[in-house]
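>>> Pasted the sequence and its predicted model underneath.
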Amino acid sequence: MFLSCSSLHQFKKQTTASLLFMNTILAGGFVLTMSPAAYAELASAEKQYYKIPAGPLSQAVNAFAAVSGMYIGGNGELLKGKSTLGVEGEYLTGQALDLLLVGTGLSYEKGEGKSIVLVDSNYISENSDGITMSPLLVQGRQNEMEVGVQTIGSDDIEAMPTEGGNLTDLLRTNTAVDFSRASSSSTNSGSLRPDEVSIYGQDYYQNAFMIDGIDTSNDFDPGSSSTGDSYTNPIIPANLSTLSGSSPQSYYIDVDALEQVKVYSNNIPVEYGGFMGGVIDTRLKRYDGEDSLSLKYGLQKDAWEQFHFDEKKAEDFYGADSIDGSYTPEYKKQNYSITALKSLSDKVGSTLTVSRKTSEFRQQYENRSDEVKSIYYNDTIDNLMARIDARINNKASLGFSFRYSDRAHDGLTSKDYSDTFVKSHTAYGVGTNFEYSFEHSVLNIDMAIDRSFDELNSQTNIYSFHPSANFYNGLPYSGGFGDILQQQDTISLNTKWVHDAISVGQTKHTFTLGADLSFKDAFYEAGGSEFSQYACLSGSTGKGCSDKNKDGVHDSQDEYLKTYGQLTANKLTKKYQSQGFYIQDKVDINDWTLTAGVRADHESLLDRTNIAPRANLQWNVFGDGSTTLTTGASRYYGRSFLKYALSNEMKSWYTTTQYDKKGNVKKSYPKASSSAYADFSEYDLKTPYSDEIMFRIDQRMGPVDSSLTLVNRESRDGVKRVKNKEDKLYYYTNEGQSSNNSIELAFHQRTPFELFNTQTKASFLIGWKESKSNTQSDDAYDETVEEDEEVYYKGKVIAYNDLPSWDYNIPFTVKFSTNTIIPAWHLQWSNFVNLKSGGTIAKLSSDDYTSEEGKEYDIYKDLDFDELVTLDTKVRFNPPLFASSEGYIEVKVTNLFDDVISTATSSIAAQSFTSGRKVSMEVGMRF
């Protein structure tokens, strides 16, 4: 940025804003040029409430930027060692900043649009080109209320009473998001696995997970996560398939590493592709202008939880009789994290977050020799997230990031095959973010290389059955299932170019162009295993084999090899790529804004080109932003997965040979021939898609922002499978369908409510939805469906896809959250109340209905769940310790009043219940 020499004397004297034309210098070196129209919009902005405490100026500047939405620039040295008296109350932007800078010796200049540059004459130098100032590594991230977007800032992340510190825990305040009924069982709290989410009733594996502008979703086999954790039987070689328990999230990211999360649920911008549900866009922490080091430790254990279970299963529960992790009456969870922010120069800043979560829980089982065995499982999630952000010059900035996430847990193959295994879900990658500001436009280029994989390491790869071992109370079964590796390597390149508004007559056009390129290399490897099944030569005594050779010993000489199965060590690779291109024009005319764009995607796996138009129209009814109407129509194309391209080939790796008692071969065949998949080329699959129509009203009511949103989603071409009646082979098809209608009424408090020296902000949301689907099991895209199937339901014959959705289908929710600060006591108190109706699913009954024409139909009957009200609360005590450090202690309680409901889907099976009251504690220091 340059100033004329004649301006220098006036520049030194200023203590309030003066208007200059300059390039906006963003924190971290980001550069953007704003139009005069944007400045006019800023000048007419109304007052906002600021609550910024006294303390380091760098932190205060970031807090100011987050509230005001302004971008802050200046020399990085300006903030070091300076403090502010803070500011509290409703002020215009300039007034608030004036108060914030009192006593600091600093002033500021307004740039174009929402830009401000902090200045100090001591940091102004003169050269042949004029006056020069360096940029400041500080950037504010405003928690904007965008249509269809929930923005969760760093303050919100810290305030939320999340239980596990996982990314999806942050989404519980969003009415568009549903969690599975199975995600809140009251008997298996030992697991560290993050919950999966569905947005507007779409498949949970059809969301896009972004980190710093790059799609990091797992495309190998995320649908297998419907089975949850696999502490037992993660794979059976005789029915070879991809590993169960994978996840749509490649990275199990810790929220301590996040600066911001944006949840796009409807009206989703054209720059995003590869989803049918929504987009969870995360941003790693950047340097905030102040060097700091934060340490945290958290603890949760079984003694602090109220368990609920069927009394018929009390013995099983207390005995932890569940090697698959269903019962964990004894567990201990701990979490550790270190976050460091460090300035490397006035142009370069760095951040690092390292965390570990651990869980240890006991399991117990009784083997076939009536021996009771106890084992302790370890479940661990490690995270390392780092960034370096630098300003190259006054037009360009560059950021580098490294990310690593690993979850590993123990398991027992089965009660019979008692060898152990370790299963891991791992991802790591590097990325770059480059931004360049031209005179009238901005170019962003994001690149990344990521690897994600699921790995099974078994104790052995040989398993067998020897009936003769039974005679001496031995174990006839032994061994393990071997090793498996499934891996996805991805190279990503995303570009986005945005031009400043161009005036054409009475209209202003803002053009956006972009392209996404992705190259993927999938790899699946089986380490090989053997199975040997023996049979008695002369029959069994009921306890083991008879003594066939009359040697007085019941041993292997009295049996013969009946079946020998072999999984050949093998591997396969699959390379494919995808390209996406989009263009958008945002047209402003008077009080109307039309945003119209189109996205074209091509993927070589299915070899389909998909065109997705997206458009919305917004009307600022009175021209002052108090009332806004928005309507839009969009198409979203989903993801395709490698599983259905690999199934047939994997099945062929396992062969079986049967022998007679003399050792002669009776039969030898590939296992795949009995229940194989057809070749992938015969599927002719289309890409699943979802069509959306939305309407929204936004209304400002004093200190409260309210909105009413209506969304309709109709989804087609979901991938399922059918079994051909002639060749008996499985074929993947596009028979999946779903329909979702949703209404949300939301109230968000814009300025805090003050009472007796406390400040409270609250939000209140009511959501209703109706979801129908022809997915009626937990088998994801491996569910077998029949084309045009009809059933008998509620007294009439209907299409199978008109049945209520099986899961992720809560019809009515009320969410109320508060965040209260009591400065005099150094306390922060956060609460989250969640009321959800139980919902209804349709269960297949044992009865049939015969129509007058003589056609029989399966009868489905309603199964209703009770409503549930829970209160989660968190109290944080943050007393002053030393001038250069602060500490805190916090207590979190989920489901404070210990209300639970049954989630059992069968009246015959034992009842299962939602989670009871849980307590956890955390302590931390910041230097």
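Okay, I see it. Residues are numbered from 1 along each chain as shown.
>>> And stretch 663-678, end to end?
34 Å (Cα to Cα, to the nearest Å).
>>> now that stretch: mean pLDDT?
Averaged over stretch 663-678, pLDDT sits at 70.
>>> Same question for stretch 49-63.
When pLDDT is averaged along stretch 49-63, the result is 79.
>>> Buried residues of it, list them for me.
49-52, 56-63 (16 or more other Cβ atoms under 10 Å). C-beta here means a position set from N, CA and C on the backbone, and glycine is covered the same way.
>>> Out of those, which comes closest to residue 852?
Nearest to residue 852 among the buried residues of stretch 49-63, counting by Cβ to Cβ, is residue 49 at 68.5 Å.
>>> tell me the contacts of that closest one?
Contact analysis of residue 49 by Cβ atoms under 8 Å, 6 or more residues apart in numbering lists 67, 89-90, 703, 750-752.
>>> quick one: what helix or strand has it in it?
Element membership of residue 49, judged by DSSP states H and E, is strand 48-52.
>>> And the helices in the chain?
8-13, 36-43, 57-68, 93-100, 154-159, 314-318, 643-651 (DSSP state H).
>>> Looking at the ones you listed, which one is packed in the most?
Burial of these is given as mean neighbour count (mean count of other Cβ atoms under 10 Å); helix 57-68 ranks first at a mean of 23.
>>> who does it touch, helix- and strand-wise?
With contacts defined as 3 or more Cβ pairs under 8 Å, 6 or more residues apart in numbering; DSSP states H and E, the packing partners of helix 57-68 are strand 48-52, strand 71-73, strand 83-84, helix 93-100.
>>> Check the gap between residue 579 and residue 637 for me.
Distance, residue 579 to residue 637, by Cβ to Cβ, to the nearest Å: 13 Å.
>>> Now for the two: what residues contact both?
residue 601.
>>> Which of those two has more residues huddled nearby?
Between residue 579 and residue 637, counting by other Cβ atoms under 10 Å, residue 637 is the more crowded of the two (24 against 16).
>>> does residue 284 have beta-bridge partners, and which?
Here residue 284 sits in beta bridges with residue 258, going by DSSP bridges.
>>> Could you tell me how many residues sit around it?
By other Cβ under 10 Å, 22 other residues sit near residue 284.
>>> go on, residue 893?
Neighbour count of residue 893, defined by other Cβ under 10 Å: 19.
>>> That one reaches residue 921, doesn't it?
No: contact status for residue 893 versus residue 921: not in contact, 10.2 Å apart, counting by Cβ atoms under 8 Å.
>>> how long is stretch 87-105 end to end?
16 Å.
>>> And the strands in the stretch 601-750 of the chain?
608-620, 627-637, 654-659, 665-670, 689-701, 704-723, 730-749 (DSSP state E, counting those that start in this stretch).
>>> Can you give me the buried ones in the first one?
What it means is strand 608-620. Residues of strand 608-620 classed as buried by neighbour count (16+ other Cβ under 10 Å): 610, 612, 614-616, 618, 620.
>>> Repeat that for the fifth one.
In terms of neighbour count (16+ other Cβ under 10 Å), strand 689-701 has its buried residues at 689-690, 692, 694, 696-698.
>>> lowest-confidence stretch among the strands of the stretch 601-750 of the chain?
Looking at these, the bottom one is strand 665-670 with a mean of 82.
>>> Show me what it is packed up against.
With contacts defined as 3+ Cβ pairs under 8 Å, 6+ apart, strand 665-670 has these neighbours: strand 654-659.
>>> and the gap between residue 438 and residue 394?
12 Å.
>>> now residue 806
Taken as Cβ to Cβ, the span from residue 806 to residue 394 is 56 Å.
>>> how near is residue 699 to residue 512?
When residue 699 is compared with residue 512 (using Cβ to Cβ), they lie 28 Å apart.
>>> Equivalent analysis for residue 83, please.
41 Å.
>>> Also residue 602?
Distance from residue 602 to residue 512, by Cβ to Cβ: 20 Å.
>>> between these two, who's got more neighbours?
Neighbour totals were compared for residue 602 and residue 512, and residue 512 leads with 19 against 15 (other Cβ under 10 Å).
>>> got the contact list for that one?
Residue 512 neighbours (Cβ under 8 Å, 6+ apart): 270-271, 496-499, 582-586, 597.
>>> In strands only, show me the residues you listed.
496-499, 582-586, 597 (DSSP state E).
>>> What distance separates the opening and closing residues of stretch 581-597?
So stretch 581-597: terminal residues 11 Å apart, Cα to Cα.
>>> any idea which residue sits dead centre in the protein?
By Cα atoms, centre = their mean, the chain has its centre lying nearest to residue 168, at 4.9 Å.
>>> Just put the contacts of residue 512 in a markdown table and tack on distance to residue 410, pLDDT and neighbour count.
Below are the contacts of residue 512 laid out as a markdown table (distance: Cβ to Cβ, whole Å; pLDDT from 0 to 100; neighbours: other Cβ atoms under 10 Å):
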| residue | distance to residue 410 | pLDDT | neighbour count |
| --- | --- | --- | --- |
| 270 | 45 | 96 | 21 |
| 271 | 42 | 96 | 22 |
| 496 | 44 | 97 | 18 |
| 497 | 49 | 97 | 16 |
| 498 | 49 | 95 | 17 |
| 499 | 55 | 95 | 14 |
| 582 | 45 | 98 | 22 |
| 583 | 51 | 98 | 14 |
| 584 | 49 | 97 | 20 |
| 585 | 55 | 97 | 15 |
| 586 | 53 | 95 | 18 |
| 597 | 49 | 97 | 22 |
